[in-house]
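> Take this sequence and fold it.
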Amino acid sequence: MSARIRLKKFGAKKRPYYRIVVMDKAAPRNGRAIEEIGYYHPIEKEDRQLHFDVEKAKAWIAKGATASDTVRKLFNKKNLAVQTST
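Numbers count the residues shown, from 1 in each chain. This next block holds a predicted model:
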C-alpha cells in the first residue's frame, strides 16, 4: 500500500472545505481515509485557513507517504519542507 497525503472535499457549492488526510493512493477522493491530520478552509481569514498536525505529517512522510502537489504547497506555506514526488 502506498499512502498519499491529499485533500478530501467537504462543504456546499461555492463554499469548499477540505480535510488534509492520509489515504491509499488508489482510493477515490472522498473515500475512506487512513488518518485525518488537518484542515484547509480557503474562504476563512488568512490566519485561520490552514491547520494541521506537523508531527503527524512528518511521521507519515517518514513512513513513505507522498504529498499531493496542492498539499505540498500548503505545507510549504507553514514552513514544512516536503520533497517533490516523482
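> Contact partners for Val71?
Val71 sits next to 5-7, 20, 82 when contact means CB atoms under 8 Å, 6 or more residues apart in numbering. Where C-beta positions appear, they are placed from N, C-alpha and C, glycine not excepted.
> likewise Glu35?
Neighbour list for Glu35: 21-22, 56, 60 [criterion: CB under 8 Å, 6+ apart].
> could you redo the last one with a cut-off of 6 Å?
Contact analysis of Glu35 by CB atoms under 6 Å, 6 or more residues apart in numbering lists Val22.
> any idea how far it is from Leu80?
Per CB to CB, to the nearest Å, Glu35 is found 16 Å from Leu80.
> center of the chain - which residue?
Geometric centre of the chain, nearest residue: Ile20, 3.0 Å, by CA atoms, centre = their mean.
> Give me the nearest residue to that one, chain neighbours excluded.
Once flanking residues are discounted, Ile20 sits nearest to Gly38: 4.1 Å by CB to CB, 6 or more residues apart in numbering.
> Can you list the strands that the one helix or strand the residue nearest to the centre of the chain maps to pairs with?
Using DSSP states H and E, Ile20 falls within strand 15-24. If you go by DSSP bridges, strand 15-24 pairs up with strand 3-12 (antiparallel), strand 35-40 (antiparallel).
> re the thing from before, using JSON lines, lay out the contacts of Val71 together with pLDDT.
Formatted as JSON lines, the contacts of Val71 follow (pLDDT from 0 to 100):
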{"residue": "Ile5", "pLDDT": "94"}
{"residue": "Arg6", "pLDDT": "93"}
{"residue": "Leu7", "pLDDT": "93"}
{"residue": "Ile20", "pLDDT": "95"}
{"residue": "Val82", "pLDDT": "69"}
